[in-house]
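Trainee: What follows is a predicted structure for the sequence shown.
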Amino acid sequence: MGGGRESGLTDVVKQQVAAHWNRRAPSFDEDFGHSIRTPAERAAWDRILDLVLAGRGALHALDVGCGTGFLAFELATRGHHVTGVDFAPAMIAEARRKAAARSVAIRFEEADAEQLPFAPGSFDLVISRHLLWTLPHPEAAIDEWIRVLRTGGRLVVVDGHLDGGLAPPASENARTSPEYAAVGDQLPFLGGRSREDIEKRATSCGAKPGRPYENDPDHHPDRPPRDDPTREGEL
Ligand SMILES: C[S@@+](CC[C@H](N)C(=O)[O-])C[C@H]1O[C@@H](n2cnc3c(N)ncnc32)[C@H](O)[C@@H]1O
């Protein structure tokens, strides 16, 4: 099942994954951690995005596996030219609906994160949140993201450490859903991977490691509150 690197339309594993997110798209933003609800969350995201953008001017940015566009909207609000791609049509439809409602210009397209429909060097910034874990070929995807970055561009992976004590409710937990039960064994990063592993793959493609940001009280001197949803890998 899904052994080759097929497109989202033909790969059975990807069809299952897309079915899960199509089902959840209408209520995705209401689920735990999917939108910013408190001043502490706003401050944490501002800090992360300040680090990511590092005072650069208007960038051409790609949000891969954008879902309903959380990162895409954060970037567009800061004046960047943003494209968001996701292979779940219902996610893209919801992202487009929000963009129209807010009069924000973001290009949202259906596309497979492992086979992007963009020329090499198309973007200054490629960013993803909570995507690598659900890809059948995550390492090849990293290569692909680097391919579409221009020289000197930046790849940013926003993800978290799973913490059993903070597991989301069953209805919001992809890993325990019927769709993932059928294909979980085909997703090599399902159980998580360390930042070092991910960096290793990117550096093997020629990327230079950047400054990590760990929004975790055990690692970061600013000690954001433990209930800050951005500190863990809720999906
Ligand atoms: C956990 S959600 C995260 C959505 C968004 N990045 C966010 O942080 O709110 C994972 C998203 O990745 C998308 N996705 C999974 N595999 C993909 C693939 N191969 N190509 C494109 N999108 C994919 C899903 O459809 C879903 O919208």
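Mentor: Cool, got the structure. Numbering: from 1, shown residues only.

Trainee: Count the neighbours of the residue of the chain found nearest the ligand for me.
Mentor: Per CB to the nearest ligand atom, G67 is where the chain lies closest to the ligand, at 2.6 Å. All C-beta spots, glycine's among them, are computed from the backbone N, C-alpha and C. Around G67 there are 24 other residues, counting by other CB atoms under 10 Å.

Trainee: all helices for the chain, in order.
Mentor: Under the criterion DSSP state H, the chain contains helices at 12-24, 39-53, 70-77, 89-102, 138-147, 178-183, 195-204.

Trainee: What pLDDT is listed against the closest residue to R56 other than its chain neighbours?
Mentor: Closest residue in space to R56, ignoring its immediate chain neighbours: D124 at 7.3 Å, by CB to CB, 6 or more residues apart in numbering. Per-residue confidence at D124 stands at 97 (pLDDT).

Trainee: what's around D124, how many residues?
Mentor: By other CB under 10 Å, 19 other residues sit near D124.

Trainee: need the contact list for it.
Mentor: Counting by CB atoms under 8 Å, 6 or more residues apart in numbering, D124 touches 56, 59-61, 149-150, 153-154.

Trainee: got it, and A99?
Mentor: By CB under 8 Å, 6+ apart, the residues touching A99 are 69, 73, 105-106, 108.

Trainee: next one: P188
Mentor: Going by CB under 8 Å, 6+ apart, P188 touches 136, 138.

Trainee: Can you pull the phi/psi pair for the residue of the chain closest to the ligand?
Mentor: Backbone torsions of G67, given as degrees, to the nearest 10, read phi 60, psi -130.

Trainee: Surely it and A95 touch.
Mentor: Yes - under the criterion of CB atoms under 8 Å, G67 makes contact with A95 at 7.3 Å.

Trainee: list the residues that contact both of these two?
Mentor: D86.

Trainee: returning to that earlier point: which of the contacts of A99 are buried? Put it as a ChimeraX command.
Mentor: Selection of buried members from the contacts of A99 for ChimeraX, criterion 16 or more other CB atoms under 10 Å:
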select :69,73,106,108
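
Trainee: Could you export the contacts of A99 to TSV, including columns for pLDDT and distance to W45?
Mentor: Below are those laid out as TSV (pLDDT from 0 to 100; distance: CB to CB, whole Å):
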residue	pLDDT	distance to W45
G69	98	14
F73	98	11
A105	98	21
I106	98	17
F108	98	20
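
Trainee: Against A44, how distant is the residue nearest to R56?
Mentor: Distance of D124 to A44, computed by CB to CB, to the nearest Å: 24 Å.

Trainee: now swap in A182 and tell me
Mentor: A182 is 35 Å from A44, by CB to CB.

Trainee: which one of these two has more residues nearby?
Mentor: A44 (22 against 16).

Trainee: For L51, grab the count of nearby residues.
Mentor: Other residues close to L51 by other CB under 10 Å number 13.

Trainee: What score does it have for pLDDT?
Mentor: For L51, pLDDT reads 91.
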